[in-house]
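Engineer: model this:
(one chain, ligands or ions: 1)
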Amino acid sequence: MADQGKLTYLDRISIGILALQGAFAEHEASLHRLKINRQLHVILVRTPEELSQCDALIIPGGESTTIALLARLAGLLEPLKDFTKSKPIWGTCAGAILLSQSVSGGAKKGGQELLGGISIKIARNGWGSQIESFEAPLELNGIRESTRPFQALFIRAPVVVEILSFPEDPLITVVARIPLELLPPALIEENMSENDPRTVVALRQGRHLLTTFHPELTEDDRFHEYFVHSCVLSP
Ligand SMILES: NC(=O)CC[C@H](N)C(=O)O
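Structural biologist: A predicted model of the protein is given here:
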């Protein structure tokens, strides 16, 4: 492996998966399939003590308001906010919502708790009720075998509606976009550019990764591999 020389600061890594609700078991299976050159310990996180043992965290898809509520009840909300400031987090779908700085659409009264690790505004259920779930082949940027499309599964997925770039924030790198013609008709506007934020479905900012779809529900583990190698081991 070309970047083996950089993998020096940890002998064994502990990746946590927030296991309060949603697709955490599928992420666990994906992580166990990875072949990496060090011991990978997977922790299902339900308490602040479990979180404190993790070098990085995955927040799965599910229902973002429920996950936030359960996190509050478990006393995990503040520890998660602290974790976001210092360690890598990957949010998938509902997890992507929680990792965003701002959310629109469908948040219940009293708003929605967010961790704010990634400076974007995201819309819950942004594909509209008529498209609950769909698949799309994605072209990847910076991920292994990027010429091989990634078959992405979107389930009541959120939509990135705005990139909020503040000068002090780390750069945002777009990892995958969805072609304009696959956007739901309600989102398409005249003269919309192919670079519109709404086409962004995977991005990285600093050590954090966000995907609006569900890599853990496929057998293609390239996003799990990317998170562990690029965000956790050689950020
Ligand atoms: N598949 C998912 O994670 C759906 C996310 C869900 N629509 C939410 O708002 O939290």
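Engineer: Contacts for the helix or strand of the chain at the bottom of the mean pLDDT ranking next, please.
Structural biologist: Ranking every helix and strand in the chain by mean pLDDT, DSSP states H and E puts strand 133-140 at the bottom, with a mean of 90. Under the contact criterion Cβ atoms under 8 Å, 6 or more residues apart in numbering, strand 133-140 has outside partners 127, 146, 149-156, 175-179, 182, 201-202, 222. Quick note: C-beta positions are derived from backbone N, CA and C, even for glycine.
Engineer: Which element is encountered next along the chain beyond it?
Structural biologist: Following strand 133-140 in sequence order, the next helix or strand is strand 150-155 (DSSP states H and E).
Engineer: Check which residues of that following strand are buried.
Structural biologist: 150, 152-155 (16 or more other Cβ atoms under 10 Å).
Engineer: ok, and of these, which contact the ligand?
Structural biologist: residue 155 (Cβ under 6 Å from any ligand atom).
Engineer: quick one: which of the buried residues of strand 150-155 is nearest to the ligand?
Structural biologist: Checking these against the ligand with Cβ to the nearest ligand atom, the nearest one is residue 155 at 3.9 Å.
Engineer: What residues are bridge-paired with that closest one?
Structural biologist: Judged by DSSP bridges, the bridge partners of residue 155 are residue 133.
Engineer: just to revisit the earlier point, what's the most distant pair in the buried residues of strand 150-155?
Structural biologist: 150 and 155 (15.6 Å; Cβ to Cβ).
Engineer: Residue 115 is in contact with residue 80, correct?
Structural biologist: Yes: look at residue 80 against residue 115 with Cβ atoms under 8 Å: they come within range, at 5.7 Å.
Engineer: hang on, the earlier thing: could you dump the buried residues of strand 150-155 to CSV with pLDDT?
Structural biologist: Output for these, formatted as CSV (pLDDT from 0 to 100):
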residue, pLDDT
150, 96
152, 95
153, 95
154, 93
155, 93
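Engineer: So the spatially closest residue to residue 150 that is not a sequence neighbour versus residue 179, what's the distance?
Structural biologist: Nearest non-adjacent residue to residue 150, counting by Cβ to Cβ, 6 or more residues apart in numbering: residue 138, 4.7 Å away. According to Cβ to Cβ, to the nearest Å, residue 138 and residue 179 sit 9 Å apart.
Engineer: Compare neighbour counts for those two and give me the winner.
Structural biologist: Shown here are residue 138 and residue 179; by other Cβ atoms under 10 Å, residue 138 has more neighbours (22 against 12).
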